[in-house]
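Visitor: build me a model:
(2 chains)
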Amino acid sequence: MILLGAAQVSLSPYLQWQTVHPNFLLVAVVAWSMLAPFPKAIGWAFLAGLLLDFFSTAPFGVFTAAMLGAATAANFWFDRFAPSAVLLPVALILPYSIGFDVVSLLLQQLLGRPVLWSGTLLRLIVSAGLLNLVVMMLLYPLFQWMERASHRDEIML
Amino acid sequence: METQNRQGLLLAIFAALIILGFALDRLGYMSGVRVALQTVFQPAESAVTGAAQRAEKLSEQQQTVAQLIEENNTLKTEANRLLIENIQLKELERENERLRQLLNYTRNNPGINFEAASVVGQVIGSDPNNFLYTIFIDVGANDGVAKDMPVVTHRGLVGRVTQVGPNSSQVLLIIDPASSVNALVQNSRVQGIINGELGGTLVMERIPQGKTVSPGDLVLTSGLGGNFPDKLVIGQITEVFQRDLDLFQTARVRSTVDFGDLSTVLVITSFKPNPFKQELQPAEGQN
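Guide: Take a look at the predicted model:
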C-alpha cells in the first residue's frame, strides 16, 4: 500500500489524462474490500486514507474518512460474487470512485475549502472514474489471484 | 450480531482516530509529521521520477527522422522569429532604462535577480488527489527555501511554497482553489484577484465595474499584499463576464504556464513575503 502511495505521488504528473490521474490507492482498497473480510478491508482503507491525507493540503482526515466509507460500502460485496466473477466487480469501481470524490469534496467544503460544483467538476469526477476503471481492470484480477493463493495456503496448512 | 458489533467498534475507533488527527492538524502538530513523511519518501519519489523521465526520453527517441527534420525546420523558423523579437525587446529595454533615468524613477522593491537569488527544483511528485493542485520539488530548507517563497518558471508564476522539509518542499499551484494572488491587467492597470478553479483554470475576480478589460490582455502580479513580487506574468484573459447588476466583473484567465508539463521550477529565495497583519496601532496621544 505504501509503494502504491509513493507511486501515486511520483507518477501522477506522468499519468494525467485531461488534468486527471488515476487513484491507485482507492482502486486497491475497493478491490481488496470486495475480496477480504471487513477487518482487513477497513485496515487497508485506513492506511491508504492516511497516506492520501499526509501528502495532501486538504484538512487532515478528509480522505481517510472518504476511504473508510468506500471500503465499508465495497465490503458489502464480500462473498457475494462467484469466485471467477470479474466484470461486475470491475464495473463497480465507477460508482465507488464517483462516491469517494463527491464525499471527499463535500467534506472539504464543510471544512471551509472552496469547491465549485460546476460542469468542470463533473467532468473531472467522471474522467477520474474512467481512469480508475482502467486501473481496476488490471488490479482486480491480480488481487483475486493473490486472495486465492493465500486461501490455498491456509487450506494446505 | 457479534460480528456487526465488532465492525461498529472498529469503525468507531477509526472515526475517533480521524477526529484526533483532524484536531492535531488544526493545532499545527501534523505539519511536522507531513514533512517527516515527505522527507522519508523523497529518495523514492526522485528515483521513480528519474525512471519515468528516462522512459519518456526513450520513447521520444523513437520518433522518425522525418518528424525530427520537420520539427527542426519549424524550430529554426521559430528561433529566427524569437531572435528578431529579442532584439526588439532589448531595444525597448534600453529605451525603458533611459526613460527611467530621465524620470529619476525608483521602485520601492528593486528588481529580483533571478540568477543570483533562486534555486532550481525538479518536480518529484504531485498531490495524490485529483482536486488539489500541489507539487513536490527536490529542494528544501538546506537549499535556502522557506515557506511562502514564490515559485516560477520562465513562462510565469507557478505558485508558492507551503511546506518545507530539509531536502524537499511542497508548492501550492496558483490553479488550486485555495490559492489567491493579487493581480493587475497590464494594459489598463485594472486590479483584481486571481483565484484557482477546479479543472486547472484561473479566474480573475473583483474587477471594478466600468473598467475596460478585454480578451488577450496580459495579467501580471500586482505585488499588493506583499505575498508575491510584482510584474510576474500570470496569464492572458480569454473571457470577460460583465453584468450590470453585479458589483464586479469577472474574467477567465489562461495561465502561461503549462501545469500539466512542469518538470523544473525556480524558487525565488531573495523575495521575503510580507503578510499583512491586522494589527491596529493606537494613534499617538490616544488613551
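
Visitor: low-confidence bits of chain B, can you list those?
Guide: Applying pLDDT under 70 to chain B flags residues B:1, B:62-64, B:84, B:87-88, B:90-91, B:94-95, B:97-122, B:199, B:275-287.

Visitor: and residue B:167, what does it touch?
Guide: Contacts for residue B:167 (CB atoms under 8 Å, 6 or more residues apart in numbering or on different chains) come out as B:39, B:42, B:138-140, B:142-143. In this view, the C-beta of every residue, glycine as well, is placed from N, C-alpha and C.

Visitor: and the helix or strand where residue B:48 lies, what does it pack against?
Guide: Residue B:48 is located in helix B:30-61, with elements delineated by DSSP states H and E. Judged by 3 or more CB pairs under 8 Å, 6 or more residues apart in numbering or on different chains; DSSP states H and E, the packing partners of helix B:30-61 are helix A:2-11, helix A:38-54, strand B:118-126, strand B:134-137, strand B:156-164.

Visitor: the first one vs helix B:30-61, what angle?
Guide: In other words, helix A:2-11. Between helix A:2-11 and helix B:30-61, the angle comes out at 60 degrees (axes from the mean of the first three to the mean of the last three CA atoms, to 10 degrees).

Visitor: report the buried residues of helix A:2-11.
Guide: For helix A:2-11, the neighbour count (16 or more other CB atoms under 10 Å in any protein chain shown) marks A:4-11 as buried.

Visitor: give me the number of residues near residue A:101?
Guide: 24 (other CB atoms under 10 Å in any protein chain shown).

Visitor: my bad, should have said residue A:124
Guide: Residue A:124 has 21 neighbouring residues, counting by other CB under 10 Å.

Visitor: residue contacts, it?
Guide: Residue A:124 makes contacts with A:18-20, A:101, B:130-131, B:198-199, as judged by CB under 8 Å, 6+ apart.

Visitor: can we see that at 7 Å?
Guide: Neighbour list for residue A:124: A:20, B:130-131, B:198-199 [criterion: CB atoms under 7 Å, 6 or more residues apart in numbering or on different chains].

Visitor: how far away from the center of its chain is stretch A:64-71?
Guide: 9 Å (CA atoms, centre = their mean, to the nearest Å).

Visitor: who's in contact with the residue nearest to residue B:246 when sequence neighbours are not counted?
Guide: Distances taken as CB to CB, 6 or more residues apart in numbering or on different chains place residue B:209 nearest to residue B:246, at 7.2 Å, with adjacent residues excluded. By CB under 7 Å, 6+ apart, residue B:209 lies in contact with B:247-249.

Visitor: residue B:240 contacts residue B:248, doesn't it?
Guide: No. Residue B:240 is beyond contact range of residue B:248, at 11.5 Å (criterion: CB atoms under 7 Å).

Visitor: re the thing from before, buried subset of the contacts of residue B:167?
Guide: Buried among the contacts of residue B:167 by 16+ other CB under 10 Å: B:42, B:138-140, B:143.

Visitor: can you pull the residues of the stretch 1-150 of chain B lying near chain A?
Guide: Selection of the stretch 1-150 of chain B residues close to chain A by CB under 7 Å from any CB of the partner chain yields B:7, B:10-11, B:14, B:18, B:21-22, B:25, B:30, B:33-34, B:37, B:41, B:44-45, B:48-49, B:52, B:123-132, B:134, B:136.

Visitor: select only the buried ones of those in ChimeraX?
Guide: The ChimeraX selection below is limited to those of the residues of the stretch 1-150 of chain B next to chain A classed as buried (16+ other CB under 10 Å):
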select /B:7,10,11,14,18,21,22,25,30,34,37,41,44,45,48,49,52,123,124,125,126,127,128,129,130,131,132,134,136
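
Visitor: now find how far off-centre stretch B:75-82 is within its chain.
Guide: 28 Å.

Visitor: any buried residues in it, and which?
Guide: Buried, per 16+ other CB under 10 Å, within stretch B:75-82: nothing.

Visitor: any residues touching that stretch, and which ones?
Guide: So stretch B:75-82 is contacted by nothing (CB under 7 Å, 6+ apart).

Visitor: would you map out the domains in chain B?
Guide: What automatic domain parsing lists as the domains of chain B is B:1-108, B:114-270.

Visitor: of those domains, give the one that comes closest to residue A:97.
Guide: Among these, domain B:114-270 comes nearest to residue A:97, with 10.0 Å by CB to CB.

Visitor: tell me which stretches of chain A form helices.
Guide: For chain A, helices defined by DSSP state H occupy the ranges A:2-11, A:24-35, A:38-54, A:62-74, A:87-91, A:93-110, A:119-156.

Visitor: cool, and chain B?
Guide: In chain B, the helices defined using DSSP H lie at B:2-26, B:30-61, B:65-103.

Visitor: show me where chain A dips below the pLDDT cut-off.
Guide: Across chain A, the ranges flagged by pLDDT under 70 are A:116, A:118-121, A:152-157.

Visitor: residue nearest the centroid of it?
Guide: Residue closest to the mean C-alpha point of chain A, counted by CA atoms, centre = their mean, is residue A:26 at 1.5 Å.

Visitor: ok, it - contacts?
Guide: Counting by CB under 7 Å, 6+ apart, residue A:26 touches A:67, A:70, A:97, A:100, A:132.

Visitor: now the second one: how far from residue A:103?
Guide: Relative to residue A:103, residue A:70 is positioned 8 Å away (CB to CB, to the nearest Å).

Visitor: with neighbour numbers in mind, choose between the two.
Guide: residue A:70 (26 against 18).

Visitor: wait, the more buried one sits on residue A:96?
Guide: Yes. Using CB under 7 Å, residue A:70 makes contact with residue A:96 at a distance of 5.4 Å.

Visitor: which residues do those two both contact?
Guide: Counting by CB under 7 Å, 6+ apart, the common neighbours of residue A:70 and residue A:96 are residue A:30.

Visitor: re the thing from before, any idea which of the domains of chain B is most buried?
Guide: Greatest average neighbour count among those goes to domain B:114-270 (a mean of 19), per mean count of other CB atoms under 10 Å in any protein chain shown.
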